[in-house]
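In: have a look at this prediction, sequence included:
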Amino acid sequence: MDITYQCMIPVLMKLVEFTHSYGLSIILLTVAVRIVVWPFVTASTKSMQKMQLLQPRMKLIQERYKGDPEMLQKKVMEFYAKNKANPLGGCLPMLVQLPILFALFGTFNGPPFGDKPVDVKVTVVEAKDASKVHRNETSGGNSPYVSPAGDLSKVIVFPGESTVLVGDSIDFGTRATEGKLPEDFKPYWVMKFGGKSATPSEGLIDQTGHAVFSAPGEFHIEAVVRGIAKNDRFLFVNSLGKTATGVDLLKPENYDLVFLIIAFGASMFLSSKLTMAKQNPDEMDESQRVTQDTMKYMPIAMSVSFFFIPLPTGVYLYMVVSNLFQTAQTWLVMRTPPEPLVDPDGFDSAAMMASAPSTPGSSGKKEAPRTIDVTPSEPKNGKKKDEGGTIKFGQADKNGETIDTGKSKKKKKKL
């Protein structure tokens with residue numbers, strides 16, 4: 001199922017029909033999709049939140065049973081089961097929503113916002129390899145096309161992948177496999193050789209699709225399907241289909257792109273900051289510290305990479321709106337108090353945080369303080385007795401037991 005073609009673009013065009021604005025339609029469609037995937041994002045965030053809370057308790061259990069690996073494994077599994085936690089619990093919701101988010105990304109990365117090429121590979125051989133000559137009926141790839149009237153169709157190129165002799169020519173064309181192309185539809189034809197535009201000595205193609213191949217090697221013919229909304233303006237964005245990279249971003253007409261890239265990085269950083277807010281660095285192991293450091297620097301790395309990746313402005317608008325929505329959702333989820341954790345040995349969550357690890361086989365319950373009187377009994381030989389003392393065992397603080405060594409009163413010997 002082509003989610004982009006069958007779902008996203010039709011909904012987008014309905015929104016355009018209602019709003020008369022492609023930019024506003026990008027925002028509305030992004031919000032609508034985010035609402036659809038809300039339950040999956042919430043489940044993933046809650047699972048991650050719970051796993052963060054489990055870590056310090058897990059360390060206590062590991063300390064408690066460090067001398068009994070078999071019992072440790074049993075208690076860890078019991079710990080996860082009682083708290084309904086799964087280390088992979090956040091992955092499934094993420095995997096479910098990814099196809100939807102990728103389809104939304106594809107909607108804004110091609111027609112009607114940007115140009116999209118339909119590629120056909122052509123191999124040119126010498127006469128001695130004439131037995132290899134063949135032509136496929138149509139191209140393997142396709143592209144959606146939205147007409148100015150709002151009609152949607154799917155475009156392919158014919159013929160498809162081919163092998164021809166040096167000096168041969170091919171007349172390429174386009175047709176719709178779904179929908180109907182308007183009579184005035186014309187793609188922009190491009191011939192590439194060795195990864196760049198072919199020179200006249202290598203080959204030529206005109207804008208009717210007539211191509212001549214003058215050198216042996218691998219050529220690529222591209223029928224570029226144009227995006228009708230790529231020059232539309234929205235708020236401070238002067239072109240929804242504009243692309244720019246590197247030093248071109250320093251031009252005044254591309255400042256809107258720079259602003260959106262920075263806004264994307266800032267919103268991504270804020271979202272990741274919210275998910276890390278409850279973590280105590282002293283309670284994390286090495287792998288958790290690496291993960292946290294990665295989350296800290298990921299927004300910067302991705303923002304920098306976008307300075308070199310040509311994406312239409314409409315894609316950046318979508319990513320910023322999507323990040324802001326997810327940040328708000330993360331804030332709502334993280335501010336909700338989590339369910340109390342259950343210890344397999346019967347400790348409640350407060351006791352697990354306040355008390356030291358117990359030894360294997362302990363009941364886990366706090367005992368009342370015990371006092372042992374070690375005052376020596378009256379000596380029978382009439383000699384002066386030694387001084388005694390009282391030892392008090394208790395749980396005055398979370399670190400263990402305290403001892404009171406106050407001296408007992410001396411008694412006078414009767415004459």
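Out: Received the coordinates, thanks. Only a predicted model underlies this, so the values are computations on that prediction, with no experimental measurement involved.
In: pLDDT value on residue 118, please?
Out: Residue 118 carries a pLDDT score of 91 in this model.
In: err, residue 285, not the other one
Out: Reading off the model, residue 285 has pLDDT 60.
In: likewise for residue 395?
Out: Reported pLDDT for residue 395: 43.
In: which stretches in the stretch 101-250 of the chain count as strands?
Out: Per DSSP state E, counting those that start in this stretch, the stretch 101-250 of the chain carries strands over the ranges 116-125, 134-135, 143-146, 152-158, 162-165, 169-171, 173-178, 188-193, 196-197, 203-205, 210-213, 217-225.
In: please convert those to a markdown table, extending it with mean neighbour count.
Out: (C-beta placed from N, C-alpha, C; glycine too.) Converted to a markdown table, the strands of the stretch 101-250 of the chain look like this (neighbours: other C-beta atoms under 10 Å):
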| stretch | mean neighbour count |
| --- | --- |
| strand 116-125 | 20 |
| strand 134-135 | 12 |
| strand 143-146 | 24 |
| strand 152-158 | 21 |
| strand 162-165 | 18 |
| strand 169-171 | 14 |
| strand 173-178 | 15 |
| strand 188-193 | 18 |
| strand 196-197 | 8 |
| strand 203-205 | 19 |
| strand 210-213 | 20 |
| strand 217-225 | 20 |
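In: need those in JSON lines (columns: distance to residue 102).
Out: JSON lines is the format used below for the strands of the stretch 101-250 of the chain (distance: least, C-beta to C-beta, whole Å):
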{"stretch": "strand 116-125", "distance to residue 102": "15"}
{"stretch": "strand 134-135", "distance to residue 102": "33"}
{"stretch": "strand 143-146", "distance to residue 102": "15"}
{"stretch": "strand 152-158", "distance to residue 102": "18"}
{"stretch": "strand 162-165", "distance to residue 102": "31"}
{"stretch": "strand 169-171", "distance to residue 102": "34"}
{"stretch": "strand 173-178", "distance to residue 102": "20"}
{"stretch": "strand 188-193", "distance to residue 102": "26"}
{"stretch": "strand 196-197", "distance to residue 102": "29"}
{"stretch": "strand 203-205", "distance to residue 102": "32"}
{"stretch": "strand 210-213", "distance to residue 102": "33"}
{"stretch": "strand 217-225", "distance to residue 102": "20"}
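In: what's the neighbour count on residue 62?
Out: Other residues near residue 62 come to 13 when the count uses other C-beta atoms under 10 Å.
In: got the contact list for the nearest residue to it once chain neighbours are set aside?
Out: Leaving aside its sequence neighbours, residue 62 sits nearest to residue 72 (C-beta to C-beta, 6 or more residues apart in numbering; 6.4 Å). By C-beta atoms under 8 Å, 6 or more residues apart in numbering, the contact list for residue 72 reads 61-62, 65-66.
In: so which pair among those residues is furthest apart in space?
Out: For the contacts of residue 72, the farthest-apart pair by C-beta to C-beta is 61 and 66; their separation is 9.5 Å.
In: those two: which has the busier surroundings?
Out: Shown here are residue 61 and residue 66; by other C-beta under 10 Å, residue 61 has more neighbours (23 against 12).
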